[in-house]
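S.K.: how would this look folded up:
(one chain, ligands or ions: 1)
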Amino acid sequence: METHDAAAERFDAIVVGAGFAGMYALHRLRGRGLKVRVFEAGDDVGGTWYWNRYPGARCDVESVEYQYGFSEEIVKGWSWTERYATQPEIMRYADYVAGQLDLRNDMQFNTRVTAAVYDEAAKRWTIETDQGDRVSAQFCIMATGCLSAAREPEIAGRGSFKGQTYHTGAWPHGGVDFSGQRVAVIGTGSSGVQSIPLIAEQAERLFVFQRTPNFSLPALNGPLDPAFARAAKESFMEDRKRVRTTDSCSMMPASEISALDVTEEERQRNFEHRWGKGGFAFVTSYKDVMNKLEANALASEFVRSKIRQVVKDPKIADLLAPTNHPIGTKRLCLDSHYYETYNRPHVTLVDISNAPIERITAEGLIVGGQEYKVDSIVFATGFDAMTGALLRIDIRGKSGLKLGDKWAAGPRTYLGLGVAGFPNLFMVTGPGSPSVLVNVIIAIEQHVDWIVDCIDHLSAKGLSVIEAQVEAEDRWVEHVNEKADGTLYPLANSWYVGANVPGKARVFMPYVGGFATYDRICARVVANGYEGFSLA
Ligand code: N01
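M.R.: A predicted model of the protein is given here:
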């Protein structure tokens with residue numbers, strides 16, 4: 001396909017997205033002397049954190065770990081204030097990094113990339129935006145994020161509602177005051193679980209529409225002890241180096257003991273201990289929680305018992321206690337006083353597991369023939385995860401092949417970095433890489449470093465094109481599936497398998513083989529002369 005426009009402004013690389021991936025990609029590529037432009041739909045850096053401004057939005061990776069590790073200077077110049085950083089604090093951090101590295105100069109905001117088309121003759125990508133830009137680049141780097149394509153379900157009558165509607169993933173910048181309002185929240189994933197307690201603080205009446213209860217663990221958030229924060233900063237570079245050698249990519253070591261090899265008493269003690277620490281450490285209480293149903297059932301039941309202890313009405317507790325999936329197989333939530341919220345008299349849980357929302361009316365929602373009248377509806381309904389942001393762009397590779405067509409039966413990538421038929425197109429934390437299963441900032445740095453080294457390699461060898469080979473891609477997809485099948489993950493209807501998007505192919509998208517294992521595979525590919533890629 002001839003698409004190349006000789007008059008288009010020429011870049012060495014275009015980066016799509018100015019979240020943490022795009023920011024670091026720009027920094028590294030520019031550092032290699034490349035001419036780079038970043039296109040970003042929002043009016044500033046921050047990516048998913050720019051959009052997700054709902055009440056209670058905060059990161060559930062501990063703040064001292066949720067930061068870049070490539071520059072000691074940047075680490076030393078920043079201090080977190082809470083165990084889990086709030087969205088505004090993360091935005092301040094993104095602003096701090098963008099300022100330190102002077103990134104905004106090469107970023108074009110309020111600009112959404114609409115198309116990226118490969119010209120085989122010119123060996124270049126033509127990238128178009130909704131602002132009328134048409135530029136040409138040798139490399140196209142998709143730093144579009146895994147959870148950035150917000151999704152509102154199609155519910156009949158949606159257009160007839162007279163009140164306000166919001167999506168947690170596209171929250172108004174000025175915030176929303178729900179005081180005196182009757183509010184409906186649809187969805188009980190992380191965004192719902194974080195926002196519901198805060199919306200309940202304001203709203204006069206709150207209805208939560210729950211299709212599937214999720215497991216949520218206590219965050220035990222609080223201000224960071226200054227001495228702890230200082231020590232964490234001191235040891236950060238060493239800790240990060242160590243963490244990068246682990247599969248879990250987490251400071252909290254995973255247990256090496258089976259949940260089935262200890263006595264009931266010992267197990268309860270250990271569960272209580274991990275529960276008392278707050279955060280995700282609970283699921284690594286035993287090595288087999290995520291891959292053996294019997295072990296998982298013990299952990300699941302422990303959490304259900306905790307829910308029953310908190311929620312006073314046993315019927316509501318039963319509805320909130322998940323029984324249709326093993327703990328951890330849908331993305332776990334961390335909360336602050338989520339379950340307690342259901343003890344408040346003005347909060348009503350509406351179970352829609354058997355009777356979906358029939359219709360939205362001018363004044364509310366109808367479930368089971370009953371109308372719930374509300375002033376505002378909050379869609380906490382999540383994202384078209386991992387592939388959504390990529391496929392909303394018209395990406396066409398060799399012979400005009402559309403990425404959407406190639407991925408009709410699920411994403412196919414080599415290492416989650418490249419796609420056969422799409423030369424010089426890289427994804428950062430793409431499907432088939434550890435991405436959302438680990439501390440994503442670590443995954444981002446590993447991917448960007450790999451991509452920049454690859455571009456360096458091409459340039460040093462006088463080469464200009466790299467493309468994943470079909471056979472290597474096939475083998476990788478098979479390996480990713482095999483790894484997932486060795487776990488309990490595929491058992492749940494989660495966004496990991498695309499189950500939340502009607503019609504989306506059911507494929508477990510991230511690579512569950514572990515970060516360090518994956519990192520070693522990527523390094524081996526390089527050591528073997530970019531094995532599985534064709535270089536020209
Ligand atoms: O989205 P979700 P999210 N009718 O997909 C329900 C990350 N994140 O925005 O489970 C009724 O998890 C849906 O029901 P079901 C994190 O990785 C991180 O909460 O599909 N309900 C579910 O309850 C997270 O996992 C942070 O049956 C409908 C909810 O909507 C990911 O983002 C904070 C429905 C969607 O839950 C996504 O989280 C926030 C319908 N038609 C998010 N359609 C932190 O770091 C969907 N639902 C803390």
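S.K.: could you report the neighbour count for Ser179?
M.R.: 9 (other CB atoms under 10 Å). Where C-beta positions appear, they are placed from N, C-alpha and C, glycine not excepted.
S.K.: do Ile393 as well
M.R.: Other residues near Ile393 number 20, with proximity taken as other CB under 10 Å.
S.K.: close to the ligand: what parts of the protein are there?
M.R.: Proximity of the chain to the ligand (CB under 6 Å from any ligand atom) is limited to residues 58-60, 147, 153, 168, 186-192, 194, 209, 211-212, 331, 352, 356-357, 380-383, 436, 495, 500.
S.K.: distance check, Ile441 against Val367.
M.R.: When CB to CB, to the nearest Å is applied, the distance between Ile441 and Val367 equals 40 Å.
S.K.: more neighbours: which of these two?
M.R.: Regarding Ile441 and Val367, a neighbour count based on other CB under 10 Å identifies Ile441 as having more, with 22 against 18.
S.K.: what's near enough to touch the nearest residue to that one once chain neighbours are set aside?
M.R.: In space, Ile441 comes closest to Phe20 once its chain neighbours are excluded; the distance is 5.7 Å by CB to CB, 6 or more residues apart in numbering. Listed by CB atoms under 8 Å, 6 or more residues apart in numbering, the contact set of Phe20 reads Gly47, Tyr68, Ala94, Val440, Ile441, Ile444.
S.K.: quick check, nearest of those to the ligand?
M.R.: In terms of CB to the nearest ligand atom, no member of the contacts of Phe20 lies closer to the ligand than Val440, at 9.1 Å.
S.K.: so what's the backbone phi/psi at the closest residue in space to that closest one that isn't next to it in sequence?
M.R.: In space, Val440 comes closest to Thr429 once its chain neighbours are excluded; the distance is 6.2 Å by CB to CB, 6+ apart. Dihedral angles of Thr429 (phi, psi; degrees, to the nearest 10) stand at phi 50, psi 40.
S.K.: how about Thr429, what does it touch?
M.R.: The neighbourhood of Thr429, defined by CB under 8 Å, 6+ apart, consists of Ala21, Gly145, Cys146, Gly416, Ser435, Val436, Val440, Ala443, Ile444, His447.
S.K.: make sure Val75 is indeed in a helix.
M.R.: Yes: Val75: assigned to a helix according to DSSP: H, G, I helix; E, B strand; the rest coil.
S.K.: for the residue nearest to it when sequence neighbours are not counted, which three-state class applies?
M.R.: Take Val75 and drop its neighbours on the chain: the residue closest to it by CB to CB, 6+ apart is Phe236, 5.0 Å away. Classification of Phe236 using three-state DSSP returns helix.
S.K.: any idea of the mean pLDDT in stretch 157-175?
M.R.: The average pLDDT for stretch 157-175 rounds to 97.
S.K.: swap that for stretch 513-529, sorry
M.R.: Here the mean pLDDT over stretch 513-529 is 98, rounded to a whole number.
S.K.: over to stretch 234-242?
M.R.: Regarding stretch 234-242, the rounded mean pLDDT is 97.
S.K.: would you put the C-alpha positions of that stretch in CSV?
M.R.: What follows is the C-alpha trace of stretch 234-242 in CSV, where atoms were taken according to Å, rounded to 0.1, in the frame of the first residue of the first chain:
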residue,chain,number,x,y,z
GLU,A,234,18.1,5.3,50.7
SER,A,235,17.9,1.7,49.7
PHE,A,236,15.7,2.2,46.6
MET,A,237,18.3,1.6,43.9
GLU,A,238,19.5,-1.6,45.5
ASP,A,239,15.9,-2.8,46.3
ARG,A,240,14.8,-2.2,42.7
LYS,A,241,17.8,-4.1,41.4
ARG,A,242,16.9,-7.0,43.6
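S.K.: closest residue of the stretch 351-500 of the chain to the ligand?
M.R.: Taking CB to the nearest ligand atom, the stretch 351-500 of the chain has Gly382 as its residue nearest the ligand, at 2.5 Å.
S.K.: how is this structure carved up into domains?
M.R.: Following automatic domain parsing, one gets these domains for the chain: 9-149+384-535, 152-214+331-382, 252-325.
S.K.: output the ones you listed in CSV; the columns should cover distance to Pro226.
M.R.: Putting these into CSV (distance: least, CB to CB, whole Å) gives the following:
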stretch, distance to Pro226
domain 9-149+384-535, 9
domain 152-214+331-382, 21
domain 252-325, 19
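S.K.: out of those domains, which comes closest to Gly222?
M.R.: If you check each of the domains of the chain against Gly222 by CB to CB, domain 9-149+384-535 wins as the nearest, at 5.7 Å.
S.K.: end to end, how far does the closest one reach?
M.R.: Across domain 9-149+384-535, the terminal residues are separated by 26 Å (CA to CA, to the nearest Å).
S.K.: give me the three-state assignment for the nearest residue in space to Leu34 that is not next to it in sequence.
M.R.: Excluding the flanking residues, the one nearest Leu34 by CB to CB, 6+ apart is Asp12, at 3.9 Å. Following three-state DSSP, Asp12 is assigned to strand.
S.K.: contact partners for Asp12?
M.R.: Under the contact definition (CB under 8 Å, 6+ apart), the residues listed for Asp12 are Leu29, Leu34, Lys35, Val36, Ala137, Gln138, Phe139.
S.K.: tell me the one among these nearest to His273.
M.R.: His273 lies nearest to Leu29 out of those, by CB to CB, at 45.2 Å.
S.K.: and that closest one, how far is that from the ligand?
M.R.: In this structure, Leu29 lies at 27 Å from the ligand, with CB to the nearest ligand atom, to the nearest Å as the measure.
S.K.: could you report the separation of that residue from Ile451?
M.R.: Leu29 sits 8 Å away from Ile451, taking CB to CB as the criterion.
S.K.: shared neighbours, the two?
M.R.: Overlap between the contact sets of Leu29 and Ile451, as judged by CB under 8 Å, 6+ apart, is given by Ile141.
S.K.: is the nearest residue to Thr246 once chain neighbours are set aside within a helix or a strand, and which one?
M.R.: Distances taken as CB to CB, 6+ apart place Ala516 nearest to Thr246, at 5.6 Å, with adjacent residues excluded. In this structure, Ala516 sits in helix 515-527 according to DSSP states H and E.
S.K.: which outside residues touch that helix?
M.R.: For helix 515-527, using CB under 8 Å, 6+ apart, the contacting residues are 244-249, 415, 417, 433-434, 438, 442-443, 446, 450, 453-454, 457, 511, 531-533.
S.K.: go again using 10 Å as the cut-off
M.R.: The contact list for helix 515-527, computed with CB atoms under 10 Å, 6 or more residues apart in numbering, reads 243-250, 414-417, 432-435, 437-439, 442-443, 446-447, 449-450, 453-454, 457, 472, 476, 479, 483, 511-514, 531-533.
S.K.: number of residues surrounding Ser464?
M.R.: Ser464 is surrounded by 15 other residues when neighbours are defined as other CB under 10 Å.
S.K.: doesn't His457 make contact with it?
M.R.: No: using CB atoms under 10 Å, Ser464 is not in contact with His457, being 11.7 Å away.
S.K.: show me what the helix or strand where Val38 lies is packed against.
M.R.: Per DSSP H and E: Val38 is located in strand 36-39. Helices and strands touching strand 36-39, as assessed by 3 or more CB pairs under 10 Å, 6 or more residues apart in numbering; DSSP states H and E, comprise strand 9-16, helix 20-31, strand 107-108, strand 124-129, strand 134-142.
S.K.: turn those into a markdown table, including mean pLDDT.
M.R.: A markdown table is the format used below for the helices and strands packed on strand 36-39 (pLDDT from 0 to 100):
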| stretch | mean pLDDT |
| --- | --- |
| strand 9-16 | 98 |
| helix 20-31 | 98 |
| strand 107-108 | 98 |
| strand 124-129 | 98 |
| strand 134-142 | 98 |
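S.K.: so which of those comes closest to Leu298?
M.R.: Each of these was checked against Leu298 via CB to CB, and the shortest separation belongs to helix 20-31, namely 36.0 Å.
S.K.: now the closest one and strand 134-142, what's the angle there?
M.R.: Per axes from the mean of the first three to the mean of the last three CA atoms, to 10 degrees, the angle that helix 20-31 makes with strand 134-142 is 110 degrees.
S.K.: circling back to that earlier point, anything in contact with each of Ser464 and His457?
M.R.: Leu535.
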